[in-house]
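> Would you be able to build a 3D model of this:
(one chain, ligands or ions: 1)
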Amino acid sequence: MSRPRILLTRRWPEAVERRLGELFDTTLNTDDHRMSADELRAALRDYDAVLPTVSDRLDSAVLAVEAPRARILANYGVGYSHIDIEAARARGLVVTNTPGVLTDCTADLALTLMLMVARRAGEGEREIRAGRWTGWRPTHLVGTRLGGKTLGIIGMGRIGQAVALRAQHGFGMKVVFQNRSRLAPERLGTLQATQLERVEDVLAQADFVSLHCPGGGANRHLMNAARLAAMKPGAFLINTARGDVVDEAALVEALQQGRLAGAGLDVFEDEPRVHPGLLALENVVLLPHLGSATRETREAMGMRVVDNLVAFFDGRQPPDQVG
Ligand code: DGY
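Next up is the predicted model:
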């Protein structure tokens, strides 16, 4: 029997590409370009499995392709708001993701952003590189400490909890959170955290707000102008979830007006474009979607996709089926 034909829309870690090549008739995107809608349509027509990432927009227009051969979208990444799940289901496509394996790395990056923005690390680095540093002085680049402050988590799933644990056990922060479903305290292990009813309740208390909910749907612009205005004056916003969870234009305005002390962002509304207003602000730390970017995690994500594909083509339910 011929091996399933699969297409990777981007370059993946070498070890994973090799493993996929052993198991399947594998086509790589050798120059790692971002695929156009037409290329994605062609992929759905020509391959049994398409393996997309967050940089591919698989909306209803792309998924409406005539006579697709593809039967599975095995996404490389935990977030899948770039895939229209309803449209995929309507075309009989199974969708899988890669949960669990990127929890710690993404949480580490959320803490990186919190520390960088609170301690003005980006500003300091830019100053040194520009040759503007004139030496130590008591009033130079004075920031804010994390210890004793309140962290507000929006979305207390795996990553939200990992951030909260680091913040509380590592930095002595108090934690409050909002989550769609009620979490029994025993689900939180050693974490002492208070669940609040509404996002606004968290915003009213938090010195740092860190977003960990999925993007798309009802969460688009969850942090809109009204919610940004409901944050404590001088608070910080951290986003390692999805760019569209924050109304970027409203965030720029809140920062320009000095209502917020700063923001640490790893994700953006229209990646790789970054709002020019953000680029112009000193009190914003900007990272290019690095949440899961460690060798260990990127390989583990790929191997998770391998498991999902092997199960699917063996006729079993993939372990990480989301649609
Ligand atoms: C994820 O896994 O969701 C990362 O953001 C990359 O897509």
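> Alongside the ligand, which residues does the chain contribute?
53-54, 77-79, 102, 291-292 (Cβ under 6 Å from any ligand atom). C-beta here means a position set from N, CA and C on the backbone, and glycine is covered the same way.
> could you dump those residues to JSON lines with secondary structure, neighbour count and pLDDT?
Shown next, in JSON lines, are the residues of the chain next to the ligand (DSSP: H, G, I helix; E, B strand; the rest coil; neighbours: other Cβ atoms under 10 Å; pLDDT from 0 to 100):
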{"residue": "Thr53", "secondary structure": "coil", "neighbour count": "16", "pLDDT": "98"}
{"residue": "Val54", "secondary structure": "coil", "neighbour count": "22", "pLDDT": "98"}
{"residue": "Gly77", "secondary structure": "coil", "neighbour count": "19", "pLDDT": "98"}
{"residue": "Val78", "secondary structure": "coil", "neighbour count": "24", "pLDDT": "98"}
{"residue": "Gly79", "secondary structure": "coil", "neighbour count": "21", "pLDDT": "97"}
{"residue": "Leu102", "secondary structure": "coil", "neighbour count": "25", "pLDDT": "98"}
{"residue": "Gly291", "secondary structure": "coil", "neighbour count": "24", "pLDDT": "98"}
{"residue": "Ser292", "secondary structure": "coil", "neighbour count": "25", "pLDDT": "98"}
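> In this structure, mark out all the helices, start to finish.
14-23, 37-46, 60-63, 85-90, 103-118, 121-129, 158-165, 171, 199-205, 225-230, 248-256, 276-279, 295-313 (DSSP state H).
> got a list of what the nearest residue to Leu165 once chain neighbours are set aside touches?
Closest residue to Leu165 apart from its sequence neighbours, by Cβ to Cβ, 6 or more residues apart in numbering: Leu191 at 5.5 Å. Leu191 makes contact with 161, 164-165, 168, 175, according to Cβ atoms under 8 Å, 6 or more residues apart in numbering.
> Among these, which one lies nearest to the ligand?
Gln161 (16.5 Å; Cβ to the nearest ligand atom).
> surely that closest one meets Leu188?
Yes - using Cβ atoms under 8 Å, Gln161 makes contact with Leu188 at a distance of 6.7 Å.
> residue closest to the middle of this structure?
Ala241 (3.5 Å; Cα atoms, centre = their mean).
> hang on, the earlier thing: okay, the residue nearest to Leu165 and the ligand: tell me how far apart.
Taking Cβ to the nearest ligand atom, to the nearest Å as the measure, Leu191 falls 23 Å from the ligand.
> gap between that residue and Phe177?
Computed as Cβ to Cβ, to the nearest Å, the Leu191 to Phe177 distance reads 10 Å.
> Please enumerate the shared neighbours of those two.
Common contacts of Leu191 and Phe177 (Cβ under 8 Å, 6+ apart): Ala164.
> Tell me, how many residues neighbour Asn283?
Neighbourhood size, Asn283 [other Cβ atoms under 10 Å]: 17.
> quick one, what contacts it?
117, 120, 123, 255, 261-263.
> swap in Gln321?
94-96, 308.
> Would you check which pair of those lies furthest apart?
Using Cβ to Cβ, the contacts of Gln321 span at most 9.7 Å, a distance reached by Val95 and Asn308.
> Find the residues that touch each one of those two.
72, 321.
> For Asn219, grab the count of nearby residues.
When counting by other Cβ under 10 Å, one arrives at 19 neighbours for Asn219.
> Isn't it up against Arg227?
No - with contacts counted by Cβ under 8 Å, Asn219 stays clear of Arg227, the gap being 11.6 Å.
> Give me the domain ranges for this structure.
According to automatic domain parsing, the chain comprises the domains 5-101+295-313, 103-286.
> Turn those into a markdown table, including distance to Val322.
Converted to a markdown table, those look like this (distance: least, Cβ to Cβ, whole Å):
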| stretch | distance to Val322 |
| --- | --- |
| domain 5-101+295-313 | 5 |
| domain 103-286 | 10 |
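> re the thing from before, just the buried residues of the contacts of Gln321.
94-96, 308 (16 or more other Cβ atoms under 10 Å).
> Which residues lie in contact with the closest residue to Thr150 other than its chain neighbours in this structure?
Leaving aside its sequence neighbours, Thr150 sits nearest to Lys174 (Cβ to Cβ, 6+ apart; 4.6 Å). Going by Cβ under 8 Å, 6+ apart, Lys174 touches 148-151, 168.
> what's the answer for Ala118, then?
Neighbour list for Ala118: 143-146, 208, 236, 262 [criterion: Cβ under 8 Å, 6+ apart].
> Could you measure from it over to Ile153?
16 Å.
> do the same with Val209
8 Å.
> Overlap of the contact sets of the two?
What both Val209 and Ile153 touch, as defined by Cβ under 8 Å, 6+ apart, is the set Val202.
> picking that back up, closest to Pro214 among the residues of the chain next to the ligand?
Gly79 (6.2 Å).
> I'd say that closest one and Gly215 touch.
Yes - Gly79 is in contact with Gly215 according to Cβ under 8 Å; the separation is 6.3 Å.
> Give me the common contacts of the two.
Joint contacts of Gly79 and Gly215 (Cβ under 8 Å, 6+ apart) are 241-242.
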